[in-house]
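*Asks:* coordinates only, sequence not included:
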């Protein structure tokens with residue numbers, strides 16, 4: 001949705017999709033989080049310097065949903081903000097998010113083991129060496145949406161919150177996109193290029209991925225080169241991370257584990273359905 005909204009002539013979306021400015025409660029203050037969370041307000045506002053009077057402008061930080069403070073902080077900064085929330089099958093969301101962390105070298109356990117480690121990780125144990133945004137190693141909590149959505153309903157009112165079910169979006173992206181444009185009160189007839197984006201990818205070399213993500217690598221490089229070259233180093237690391245990834249099919253969740261998780265999360269899905277006024281058990 002972020003990619004499709006960026007194409008709309010009335011909408012400006014920040015090039016930094018996930019600035020992580022409003023979700024400050026997820027920022028531990030660590031060096032690892034320093035490169036992950038945007039902490040400076042002026043730096044955040046500069047993301048919109050090129051908006052040039054767009055009817056709508058925004059960003060798409062997925063972490064704002066799990067954060068317990070982001071809704072209130074967004075409300076304080078922009079009381080009339082329009083909020084778009086896209087929700088995915090909780091089991092698939094957990095599995096996908098875990099895969100992203102594996103690709104980013106910030107998760108060292110397989111999916112089932114990571115779920116089993118949640119209690120230890122809440123106590124600061126068994127975290128990956130390059131762990132960052134440590135509160136979100138609680139995969140079940142991240143995929144428990146009801147209270148997260150309710151925070152935005154409470155802060156902005158339901159009329160200013162548009163909830164998109166990912167399954168609807170995949171089945172008919174044009175209809176889902178049009179409904180989102182109508183919610184934003186921009187030209188609903190614009191049709192973007194509905195290309196597939198963010199397809200699953202895996203690292204060709206996990207060792208290189210870890211090296212490029214390691215803050216110690218960055219510190220060593222910055223000590224070796226002049227300050228004027230620090231930005232190109234960041235660009236080069238991002239470029240190498242991209243070159244080190246290749247599209248690949250992700251193996252499905254183990255059926256027995258999927259069934260256990262669906263049973264475990266069933267009451268939460270019922271709660272969310274009641275909040276949204278929709279029976280989600282038929283699709284999740």
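*Replies:* Now that the structure is in, tell me what you want to look at. Just so we're clear, the structure is a prediction, and the values are computed from it rather than from any experiment.
*Asks:* the helices in the stretch 101-250 of the chain, which residues?
*Replies:* All helices of the stretch 101-250 of the chain, identified by DSSP state H, counting those that start in this stretch, fall at 111-116, 118-122, 139-142, 146-156, 166-171, 173-184, 206-213, 215-224, 230-243.
*Asks:* check which helix or strand covers the residue lying closest to residue 253 once chain neighbours are set aside.
*Replies:* Take residue 253 and drop its neighbours on the chain: the residue closest to it by C-beta to C-beta, 6 or more residues apart in numbering is residue 95, 5.1 Å away. In this view, the C-beta of every residue, glycine as well, is placed from N, C-alpha and C. If you go by DSSP states H and E, residue 95 is part of helix 90-103.
*Asks:* With residue 85 instead?
*Replies:* strand 83-87.
*Asks:* Helix 173-184 and that strand, what's the angle between them?
*Replies:* Using axes from the mean of the first three to the mean of the last three C-alpha atoms, to 10 degrees, the inter-axis angle of strand 83-87 relative to helix 173-184 is 150 degrees.
*Asks:* tell me what strand 83-87 is packed against?
*Replies:* helix 146-156, strand 161-165, helix 166-171 (3 or more C-beta pairs under 8 Å, 6 or more residues apart in numbering; DSSP states H and E).
*Asks:* what's next to it, contact-wise?
*Replies:* 1, 65, 74, 93, 145, 149, 152, 156, 160-166, 169, 180, 183, 272 (C-beta atoms under 8 Å, 6 or more residues apart in numbering).
*Asks:* excluding its backbone neighbours, what's nearest the residue nearest the centre of the chain?
*Replies:* In the chain, the centroid-proximal residue (C-alpha atoms, centre = their mean) is residue 62; its distance is 3.1 Å. Among residues not flanking residue 62 along the chain, residue 18 sits closest, at 6.5 Å (C-beta to C-beta, 6+ apart).
*Asks:* For that neighbour, which residues are in contact?
*Replies:* With C-beta under 8 Å, 6+ apart, residue 18 has these contacts: 59, 60, 61, 62, 63.
*Asks:* Could you give the number of residues near the first one?
*Replies:* Counted with other C-beta atoms under 10 Å, the burial measure for residue 59 works out to 21 neighbours.
*Asks:* who does the strand holding residue 85 pair up with?
*Replies:* Strand 83-87 has the following sheet partners, assigned by DSSP bridges: strand 161-165 (parallel).
*Asks:* tell me how far the ends of stretch 120-128 are from each other?
*Replies:* Stretch 120-128 has an end-to-end distance of 12 Å (C-alpha to C-alpha, to the nearest Å).
*Asks:* Tell me the buried residues in that stretch?
*Replies:* 121, 126, 127, 128 (16 or more other C-beta atoms under 10 Å).
*Asks:* ditto for stretch 41-59
*Replies:* For stretch 41-59, by 16+ other C-beta under 10 Å, it's 44, 47, 54, 56, 57, 58, 59.
*Asks:* Now for the fourth one: which residues touch it?
*Replies:* It stands for residue 56. 10, 11, 12, 82, 184, 185, 186.
*Asks:* and those residues, which are buried?
*Replies:* Buried, going by 16+ other C-beta under 10 Å: 11, 12, 82, 184, 186, out of those.
*Asks:* Go through these and name the one nearest residue 222.
*Replies:* Minimum distance to residue 222 across those is 32.2 Å, recorded for residue 12 (C-beta to C-beta).
*Asks:* Torsion angles phi and psi at the closest one?
*Replies:* phi -110, psi 120 (degrees, to the nearest 10).
*Asks:* Next: residue 4.
*Replies:* phi -70, psi -40.
*Asks:* Just the pLDDT at it, thanks.
*Replies:* Per-residue confidence (pLDDT) for residue 4: 97.
*Asks:* doesn't residue 192 make contact with it?
*Replies:* Yes. Taking C-beta atoms under 8 Å as the contact criterion, residue 4 and residue 192 are neighbours in contact, 4.4 Å apart.
*Asks:* okay, these two: which has more neighbours?
*Replies:* residue 4 (23 against 15).
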